[in-house]
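[1] sharing a sequence plus its predicted fold:
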Amino acid sequence: MPQAGTGILSGVMYPFLKRFIDIVLAAAAVLFLSPLLLVAALAVRLSGGGPAIFRQERAGKGGRLFVFYKFRTMRADVDPFGPSPKSETDPRLTAVGRFLREWSLDELPQLFNVLKGDMSIVGPRPLYSSQVAEWNRRQRKRLLVKPGITGLAQISGRGELTREEKLEFDAVYVEKAGIWEDIKIIFITAAQVFRRREIYEKRYSKNEITRGESRYGCKS
């Protein structure tokens, strides 16, 4: 299997440096943001009941399954796999959930996925294992690295991109992965969070106008 990355510092030392940075940044973020995490969890619990954390199996590096965490943004009594879960007008979203999504705060529990080693700060967003069969050889390059909280696709259009465009950005990231690339993505992500743009998906794929026509319901 080919190795990921050909950029600067993407050789033998890159995985060790990347893991070190992941641990340091994730641990610091959890400590610094712990009051916000607690407030968000309480707000979710009070906005219609149900658990504060939404858990779901996703495909990690090499296709290995792991339990993915995020703050619950939908009502507890609805089907999260129904039509258009990323739509800006999705009636299943709670008021708290909409706020969390628009500020990307719903992704914060994934810091614990990073600390566990299932995810990285930077990498392709984790998708369903059932989707792997649909990918071509190039698109499967994304399985060479750990999935991330943010990635090249997220700073290159996010909700404006189709599924095919996101998978291509994931392949490009794997090909050029390196410490400097990761640092650039982290800084751009931090700036984009405050813009609150490109959050909601406009078009799932080239052949599907809305996610309602798709079998999958993940937020990227």
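    Looks like it arrived, so ask away.
[2] from here on, just use CA atoms for contacts and neighbour counts.
    Will do.
[3] helix or strand for Leu33, which one?
    Leu33 belongs to helix 14-46 when elements are defined using DSSP states H and E.
[4] now do that helix: which elements does it pack against?
    Helix 14-46 sits against strand 65-71, helix 95-102, helix 110-116, strand 120-122, helix 179-193, with contacts defined as 3 or more Cα pairs under 8 Å, 6 or more residues apart in numbering; DSSP states H and E.
[5] and the angle for that helix with helix 179-193?
    Interaxial angle of helix 14-46 relative to helix 179-193 (axes from the mean of the first three to the mean of the last three Cα atoms, to 10 degrees): 20 degrees.
[6] can you point out the buried residues in helix 14-46?
    Within helix 14-46, the residues that count as buried by 16 or more other Cα atoms under 10 Å are 14-15, 18-19, 21-23, 25-27, 30, 37, 40-41, 44-45.
[7] low-confidence stretches in the protein?
    Along the chain, the model assigns pLDDT under 70 to residues 1-11, 82-88, 196-220.
[8] three-state assignment of the residue of the chain most remote from its centre?
    Among the C-alpha atoms of the chain, the one farthest from their average position, using Cα atoms, centre = their mean, is that of Val12, at 25.9 Å. When classified by DSSP: H, G, I helix; E, B strand; the rest coil, Val12 comes out as coil.
[9] helix, strand, or coil at Thr89?
    Using three-state DSSP, the structure places Thr89 in coil.
[10] now for it, how many residues are close by?
    For Thr89, the count of nearby residues is 11 (other Cα atoms under 10 Å).
[11] swap in Arg140?
    Around Arg140 there are 18 other residues, counting by other Cα under 10 Å.
[12] contacting residues for it?
    Val132, Ala171 (Cα atoms under 8 Å, 6 or more residues apart in numbering).
[13] check for me that it belongs to a strand.
    No - read with three-state DSSP, Arg140 is helix and lies in no strand.
[14] Three-state assignment for Val78, please.
    For Val78, the secondary-structure state derived from three-state DSSP is coil.
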